[in-house]
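Asker: Test case, fold it:
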Amino acid sequence: MPVKISDALPARSILEQENIFVMTEKRAISQDIRPLRLLILNLMPLKTSTETSLLRRLSNTPLQIEVDFLRTETYISRHASAEYLEEFYKTFDEVKTHSYDGMIITGAPVETMEFEDVEYWDELCTIMEWAANHVFANLFLCWGAQAGLYYHYGIKKYPLEKKMFGIFEHQVQIPNMPLLRGFDEMFNAPHSRHTEVRESDIATVDDLEILATSDEAGLYIVSSKDDRQIFVFGHPEYEADTLDSEYRRDLERGLSIEMPKNYYKDNDPGQGPKVTWYSHAQLLYTNWLNYYVYQTTPFDLDLLPESHTKNPSPAAPKRLKT
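Answerer: Next up is the predicted model:
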């Protein structure tokens, strides 16, 4: 089944060339069913590549999905034109009166900054507060996961001595969780970050549980016990060449960067990457859409129950009114 997107979105032609089923707005009008409504807050600088990667994962399910892309107003990306953002992205003012089955908040290249120093932090807090009553299921990725845990539960992030960069082996901690259905006991996933959230801090919050970890990379997936918030500290949406692009970019900038671990064939960048994470990445998105969004969201989005996170940890920063 398809993902419904704007007729003119550049990702459409790329996905169609790969025989991925996307549905244009014109065709979707004739469908007499209610599609899932997803909102994607894309904080990554390279908008089109992030859009395409996420849509690849979301499209490979038997569900029809209607996607809106959200941008911040307090910070305008320098990597996308104003015309592009105006055509394909909505602002919070345009979506705040609507409700959604699910929302994805991506990572962002601001992880070495304090949360409150990020230019759009107040706006992001407003969006996360709004989502507690207007979005049923929330998926937070990488820095987005760190930001969500800090805002809702007061959990801090810590700087790493060196960048966690590469493909790492992970262990399933709670085998019977629907989110991990079909996962092997051990599986691979990409990481690319300079900071971490610690298991010991998660253990202090009764409303949270750890679903998957790595001996080397640490936390990978944390969930709220009502399943309405999933925090993923890696990048399951990454393509085969994403880490390679980041590595070569940093080398060109003269930055101190180690080669991504467990990524290149024979650890030789000249031989290209070996892809070992695609199947579990796809399962993660498919299971989230099926078990945490489609199977549980009320048909009438006006009847969404309020999220339990309306009462955050006392350590959480002051919450904003919407």
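
Asker: Identify the bridge partners of F165.
Answerer: S192 (DSSP bridges).

Asker: OK, contacts around it?
Answerer: Contacts of F165 were listed using Cβ atoms under 8 Å, 6 or more residues apart in numbering, and they are H191, S192, L243, E246, Y247, I257, E258, P260, K261. All C-beta spots, glycine's among them, are computed from the backbone N, C-alpha and C.

Asker: Touching, the third one and K261? I think so.
Answerer: No. Look at L243 against K261 with Cβ atoms under 8 Å: they stay out of range, at 9.6 Å.

Asker: When these two are compared, which one has more neighbours?
Answerer: Of the pair L243 and K261, L243 is the one with more neighbours under other Cβ atoms under 10 Å, namely 23 against 16.

Asker: could you say which helix or strand contains that one?
Answerer: Assigned by DSSP states H and E, L243 belongs to helix 242-252.

Asker: How many neighbouring residues does E209 have?
Answerer: Counted with other Cβ under 10 Å, residues neighbouring E209 total 17.

Asker: Now which of the contacts of F165 would you call buried?
Answerer: H191, S192, L243, E246, Y247, I257, P260, K261 (16 or more other Cβ atoms under 10 Å).

Asker: pull the CA atoms of stretch 70-81 into CSV?
Answerer: Extracted C-alpha coordinates of stretch 70-81, given in CSV (Å, rounded to 0.1, in the frame of the first residue of the first chain):
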residue,chain,number,x,y,z
LEU,A,70,6.8,20.2,9.3
ARG,A,71,9.5,22.8,9.6
THR,A,72,10.5,25.3,12.3
GLU,A,73,9.7,29.0,11.9
THR,A,74,12.3,30.2,14.4
TYR,A,75,15.2,28.7,12.3
ILE,A,76,15.2,28.6,8.5
SER,A,77,17.4,25.9,6.9
ARG,A,78,20.3,27.2,4.8
HIS,A,79,20.3,24.0,2.7
ALA,A,80,16.8,24.3,1.3
SER,A,81,15.3,27.2,-0.6
